[in-house]
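**Q** What would the 3D arrangement of this be:
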Amino acid sequence: MDRLRALEIFVKVVARGSFARAAEALDTSPANVTRYMNELESHLSTRLLNRSSRKLSLTESGEALYERGKSILDDVAEAEALASSASLQPRGRLRLNAPVSFGILHLAPLWPQFMQRHPGVELDVSLTDRVVDLVEEGYDLAIRISRAGPATHVARKLATSQNIVCAAPAYLRRHGRPKVPTDLSRHTCVGYSYSATADEWHLLDGTGQMHAVKVRCAMHANNGDTVRAAALAGAGITWQPTFLIADDLRQGRLVPLLPGYRMPDIDVLALYPSRRYLSAKVRVMVDFLAEALSGTPPWDRLPPTAG
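**A** Reported below is the predicted structural model:
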């Protein structure tokens, strides 16, 4: 059995919804499609499709094979094009992962422009704040907000965001302002669950010296929007990146604290698995995002802080 041909037929059957339509699209006979499907299921020792007189549906194994199969066929097509032509055109499905808040606020407005430039690329965008495994979960590219990318992947810096310790005016009227980092330990705080330093906040002074302070968080959340909402309601002091709270700082809904101290900046990174060559669809996406986020990003165009 030609396994690559069998995979191509399987993917086409699922996409077209029937053996007959898949056979027509592949310029072969329905009997040949049936033979390949039977051989593929026999080879894998599992059923991939539930067949009825009216429709086809994927089994759990079929769903897994279909998702990876589409990516494999795209990679094969690009590899063939790379070998035969120096002017490779980006095409196929691009699976991209990004953090929820950043993806909604700053990436979603860019997708229509990217799709217009590269109509051959099909975007499949997944938003989650947890760190995904690119290889195991089948992603071509991930956008991470981090101080360092993992050594196992290639990382390209797209932009930088400041982290700001802040609180709502209502909280400050009730509890006053911290003047030095150690004062934070006497305040109620709201924490971000995925923070690498947990409830120990690190701030740099004007000389570059690091100050670490253990804070008491009355609430944790694994999403920045939730942390922001709690801070806006006066629940406590928090820190958040400017890509999320820049407008709140501009409008005075959140007040920056601890003048003379700052938290380390974080980078917006494009991560992709290290391979011998970078696929055209990933390359054009990384270049597009680097161009779109070049210079001073809009979220860091802030007025001077009053202190």
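
**Q** Could I get the phi/psi values of the nearest residue to residue 103 once chain neighbours are set aside?
**A** Take residue 103 and drop its neighbours on the chain: the residue closest to it by Cβ to Cβ, 6 or more residues apart in numbering is residue 127, 4.3 Å away. C-beta coordinates here come from the backbone N, C-alpha and C atoms, glycine included. Note on residue 127: its backbone torsions stand at phi -110, psi 120 [degrees, to the nearest 10].

**Q** partners of residue 127 in the sheet?
**A** residue 98 (DSSP bridges).

**Q** Next: residue 146.
**A** Residue 146 has these beta-bridge partners by DSSP bridges: residue 267.

**Q** Let me see the residues that make contact with stretch 63-70.
**A** With contacts defined as Cβ atoms under 8 Å, 6 or more residues apart in numbering, stretch 63-70 is touched by 7, 10, 11, 14, 44, 48, 58, 93, 138.

**Q** should've said stretch 166-179
**A** By Cβ under 8 Å, 6+ apart, stretch 166-179 touches 184, 186-188, 231-240, 245, 248-249, 252-258.

**Q** can we see that at 10 Å?
**A** 165, 183-190, 213, 228, 230-240, 245, 248-249, 252-261, 305, 307 (Cβ atoms under 10 Å, 6 or more residues apart in numbering).

**Q** Out of the contacts of stretch 63-70, which is nearest to residue 286?
**A** Using Cβ to Cβ, residue 93 is the member of those that lies nearest residue 286, at 16.4 Å.

**Q** For that closest one, give its distance to residue 141.
**A** 12 Å (Cβ to Cβ, to the nearest Å).

**Q** now residue 206
**A** Applying Cβ to Cβ, the value for residue 206 to residue 141 is 38 Å.

**Q** Neighbour count for the two, which is higher?
**A** residue 141 (22 against 8; other Cβ atoms under 10 Å).

**Q** That one contacts residue 285, doesn't it?
**A** Yes - counting by Cβ atoms under 10 Å, residue 285 is a contact partner of residue 141 at 6.1 Å.

**Q** Grab the nearest non-local neighbour of residue 186.
**A** Counting by Cβ to Cβ, 6+ apart, the residue nearest residue 186 is residue 178, at 7.8 Å.

**Q** burial measure for that neighbour, as a count.
**A** Residues near residue 178, counting by other Cβ under 10 Å: 20.

**Q** Now do it, the pLDDT please.
**A** Listed pLDDT for residue 178 reads 96.

**Q** try residue 86
**A** At residue 86, the pLDDT value in this model is 42.

**Q** Same check on residue 79?
**A** As predicted, residue 79 sits at a pLDDT of 68.

**Q** What residues sit buried inside the helix or strand where residue 22 lies?
**A** Here residue 22, judged by DSSP states H and E, is contained in helix 19-26. Within helix 19-26, the residues scored as buried using 16 or more other Cβ atoms under 10 Å are 19, 22, 23, 26.

**Q** Now render these as CSV, adding pLDDT.
**A** Listed next are the buried residues of helix 19-26 as CSV, based on pLDDT from 0 to 100:
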residue, pLDDT
19, 88
22, 88
23, 89
26, 85
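
**Q** Just name the closest of the residues you listed to residue 223, please.
**A** Among the buried residues of helix 19-26, and counting by Cβ to Cβ, the member closest to residue 223 is residue 22, at 41.4 Å.

**Q** which residue sits closest to residue 233 in space, ignoring its chain neighbours?
**A** Per Cβ to Cβ, 6+ apart, closest to residue 233 is residue 168, 7.1 Å.
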